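1. Quick one, what's the 3D model for this:
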Amino acid sequence: MEEIKLIDICKITEDDNSFVGFKIENSIPKVFLPVGYRIEIDTLEQDIDLFLSTIMEYKEYVKNSVDVNDEYENEYLFPYYSYKWLLRDFIEHGYYQENENVYKKNHKGKINWKKTIKNIRPYISPNNNIIYLNYIVKKNKINEKNIITAIHKACVYESAKKIGWLFFNINIEKPNIELNDINRGYFLKILYEEYKNTFNDYKKSLLMNIINVINGIDSKKFNNEDIEFGVYKFHSVWENIVNIAFGDSKQINTLYQPKGRWILTNGVKKDSTSLRPDSLKIIGQTAYIYDAKYYTYGISKGIVDKLPSTESIHKQITYGDNLWQNFGPNSEKKIIKKIYNSFILPYNKENNDFGFSNDVEYIGYAIGMWNDESNLPEHQIIRTFLIDTKYLINEYKNIKKEKSNKIIEKLGSF
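-> Just a heads-up that it's a prediction; the model follows:
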């Protein structure tokens, strides 16, 4: 494949329902970035890696419930991390090579005295000293025909075909063996046996990444030159990274499980499914509820129809009402004294029609017209923020570790 300039194959999506990820169609790769993403040439390779890793982590989080391709959602796992690991390892170490011990006559090398005494006739000196004029020495010989080496070569080649263009622009020699459903079981048996018998950490990592690539083989998809890795529902990824950055899943699971209930005329009573906000964080006695909306308002010219609907506003108010009723000052538990409610939408801090330039910007609030606007409690006011898409994707883990509470408290200050 000819050298590819990443900037030439990147496209920022403008529709919140568009595919996000990368595709290879007719040997031509394309990268589809999410709404509001900023492209910076100097860091583009690193940024795309973080972006694709975000998708991969989400897929693992939901145990592959997000489609790689709708038709194969339960059959095909794209081993992105293993492709990348094998290519980087190949650049640094080359192919896997298994050493075998070879014994031969030589003056150089580590002497094997047992074999020397058994196979070499010594010279007896005039004073009856035993002198060996030759020795059996031990040497390591690389076994190029080793089956694991051959499998490794095939997996490196497959990795280069799938993502080599993205990070390395390297051409890999076509291997002598083919990866397919026919030989997959045989290869896996060999690899798992070798993995079981090795205690070298590097070798175990190498073997496991090779195994991951082999396990990714799908008879319908694996040999197809057209590849698709990404999601058609990036809103789920957006919700996930907002929750990781600003929320606390443990608090949601232990504190916040409001339910409806069916009471039927035949005497049956049954709880309905639980309500669950995208993100919840309690700091001290203040609760922050977030609804992550992967909407296009931030890249529009301020089109209000691109903001969350009345249905979303009502749901968010219900979250706040329930939390206040069950954990507020008038409840038995009295855990919470204040609740802030928010929507979080994507935008581009360097290219927008609002004159904004910060990572996080406040744009206003939503209310329910069925409530008395002159006397609304704080949790019934849904404050709305734009957050720079690239900033959140690149930093959501660091935000959680280092900046979460500061940013959250700032969101509550508007």
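
2. So residue 341 sits against residue 289, correct?
-> Yes: Residue 341 is within contact range of residue 289, at 5.1 Å (criterion: Cβ atoms under 8 Å). Heads up, the C-betas are built off the backbone N, CA and C, glycines and all.

3. Comparing those two, which residue is more hemmed in?
-> Neighbours around residue 341 and residue 289, counted as other Cβ atoms under 10 Å, are more numerous at residue 341. The numbers are 27 against 24.

4. which stretches of the stretch 1-150 of the chain aren't confidently modelled?
-> Residue ranges of the stretch 1-150 of the chain with pLDDT under 70: 1-3, 62-77, 98-109, 123, 132-133, 135, 137-145.

5. Swap in 50 and give it another go.
-> Counting by pLDDT under 50, the stretch 1-150 of the chain has low-confidence residues at 64-76, 100, 102-103, 141-142, 144-145.

6. residue boundaries of the strands in it?
-> Taking DSSP state E, counting those that start in this stretch as the test, the strands found in the stretch 1-150 of the chain are 10-12, 20-25, 28-33, 98-106, 110-111, 123-124, 130-131, 135-143.

7. the helices in the chain, which residues?
-> 6-9, 44-61, 80-93, 113-119, 147-159, 165-167, 181-196, 201-215, 234-246, 249-255, 310-327, 389-398, 404-411 (DSSP state H).

8. quick one: buried residues of the fourth one?
-> Looking back up the chat, that one is helix 113-119. residue 116 (16 or more other Cβ atoms under 10 Å).

9. do the same with the third one
-> Within helix 80-93, the residues that qualify as buried are 80, 82, 83, 84, 85, 86, 87, 89, 90, counting by 16+ other Cβ under 10 Å.

10. Now do it against helix 147-159: the angle between them, please.
-> Angle, helix 80-93 to helix 147-159, by axes from the mean of the first three to the mean of the last three Cα atoms, to 10 degrees: 110 degrees.

11. neighbouring contacts of helix 80-93?
-> Contact with helix 80-93 is made by 49, 52-53, 56, 152, 155-156, 158-160, 162-164, 167-168, 170, 172, 205-206, 209-210, 212-213, 216, 229, as judged by Cβ atoms under 8 Å, 6 or more residues apart in numbering.

12. Start and end of stretch 13-32, how far apart?
-> 6 Å (Cα to Cα, to the nearest Å).

13. Are any of the contacts of helix 80-93 buried, and if so which?
-> 49, 52, 56, 152, 155-156, 158-160, 162-164, 167-168, 172, 206, 209-210, 212-213, 216, 229.

14. Report the set of residues contacting both of residue 341 and residue 289.
-> Counting by Cβ under 8 Å, 6+ apart, the contacts common to residue 341 and residue 289 are 316, 319, 320, 379.
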